[in-house]
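In: Mind folding the following:
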Amino acid sequence: MKRNKKKSSPVVMGAIVSLLLIIAIIGSIIYKYEVANRDGANDNDAVTGQVPTNVDEQEPPIDESVSNIEQPTVTPNEDEEIKEGNTVPTDVPKANANGNGTEGSKDKTNAPKENENVSIENGYIVGQQPAKEPKYVDNILIANKKYPLPATFNEGESATARAALDEMIAAAGQQGYTLIAFSGYRSYEYQTDLYNRYVNRDGKDAADRYSARPGYSEHQTGLTFDIGEKGKEALWLTSEFGETPAGKWLATNAHKYGFILRYPEGKEDVTGYMYESWHFRYLEGDTATKVYNAGVTLEEYLGIE
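Out: Residues are numbered from 1 along each chain as shown. Sure thing, here's the model as predicted:
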């Protein structure tokens, strides 16, 4: 028995040595494979410029820190003589900022998508590309800080809106109020000049609260009028106009003729603009009455931003 053990020892030892060599070879191969993969991954990251997924994921907050604007007294007929019922250039509003708002279909095709990394400046999307087509929601033409009009959109004043306006002015006259639409349709080019003048005088943050940037103005739609009372020009473009009997009649009855108070008090965070007691937008059919009865802004009624 002792002779048998001595003869089998070299065989066992040889098998052990061979097994260890095989394990070492396999380990070496695995190590080289892992190193190669790691180096390849680093090279890919350098090419694609990938960053950690938690970087820049939060959308910057909207800047709402602009304080109330105190505008100098400027008459609206600075550049042209005002003619009753005709469109003329308007000057800067003298009101302080302050609107009501739920039904409608959601349509955010051109608005920032959920979780999309966008930067907002005074309600506008920074770097937004110029519009190629006008935006319609439920057949309603939209022009606000998220949905601009093309620079080429130039249909002029709507004859339908003008007829409705004339009817409303006549009805107001029967109540003893002489209303005047002192500003209506504005071209893209005119709005460019107007906005730039306001920026040069008051700064961009202030101007963005009461004047639309070129392409974003409702006046370019040809469906909007700024309205005041004849003989009380000092109250034009002021929140005080809304407190006058004529202003109150207009706010209460405009929907009967297809118009809505577009920028109501307390809704600047929705519309993007300060309270404008003088700015009225025409809507086809009974839509204005529906918006009025719902007590909402046009954005809230349509379910858009």
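
In: any idea where the helices of this protein begin and end?
Out: Ranges of helices in the chain, per DSSP state H, are 2-48, 159-174, 188-202, 204-210, 245-253, 268-271, 287-294, 298-302.

In: Phi and psi next, for residue 132.
Out: Here is the backbone geometry of residue 132 (degrees, to the nearest 10): phi -100, psi -30.

In: What separation is there between it and residue 149?
Out: Computed as CB to CB, to the nearest Å, the residue 132 to residue 149 distance reads 10 Å. All C-beta spots, glycine's among them, are computed from the backbone N, C-alpha and C.

In: So these two - more neighbours on which side?
Out: Higher neighbour count among residue 132 and residue 149: residue 149, with 25 against 7, using other CB atoms under 10 Å.

In: between the helices of the chain, which gets the lowest average pLDDT?
Out: Mean pLDDT values for these show the minimum at helix 2-48, a mean of 54.

In: ok, residue 227 - contacts?
Out: Residue 227 makes contact with 179-182, 250, 278, 280 under the criterion CB atoms under 8 Å, 6 or more residues apart in numbering.

In: For it, give the beta-bridge partners.
Out: Beta-bridge partners for residue 227, by DSSP bridges, are residue 181.

In: distance of it from residue 281?
Out: Residue 227 is 11 Å from residue 281, where distance means CB to CB.

In: right, and residue 281 touches residue 298 too?
Out: Yes: the pair residue 281 / residue 298 is scored as a contact, 7.0 Å apart, by CB atoms under 8 Å.

In: and for those two, which residues touch both?
Out: Common contacts of residue 281 and residue 298 (CB under 8 Å, 6+ apart): 260, 262.

In: separation between residue 200 and residue 194?
Out: 11 Å.

In: and if you look at residue 250?
Out: Distance from residue 250 to residue 194, by CB to CB: 24 Å.

In: Looks like residue 213 contacts residue 126 (just checking).
Out: No: assessed by CB under 8 Å, residue 213 is found out of contact with residue 126, at 11.9 Å.

In: Tell me which of these two has more neighbours.
Out: A count of neighbours by other CB under 10 Å puts residue 213 above the other of residue 213 and residue 126, at 19 against 10.

In: Report the contact partners of residue 236.
Out: Per CB under 8 Å, 6+ apart, neighbours of residue 236: 76, 182, 226, 228, 278.

In: State the distance from the second one to residue 19.
Out: From residue 182 over to residue 19 the distance is 99 Å, taken as CB to CB.

In: Same question for the last one.
Out: To residue 19, residue 278 is 94 Å away according to CB to CB.

In: rewinding a little: mind checking which of residue 200 and residue 194 has more residues around it?
Out: Neighbour tally, residue 200 and residue 194, criterion other CB under 10 Å: the higher count belongs to residue 194, 23 against 10.

In: Hmm, residue 211 and that one touching each other?
Out: Yes: here residue 194 reaches residue 211: they are 6.7 Å apart, a contact under CB under 8 Å.

In: Next one: the residue nearest to residue 223 when sequence neighbours are not counted from residue 245, what distance?
Out: The shortest distance from residue 223 to any residue other than its chain neighbours is 4.5 Å, reached at residue 282 (CB to CB, 6 or more residues apart in numbering). Here residue 282 is placed at a distance of 23 Å from residue 245 (CB to CB).
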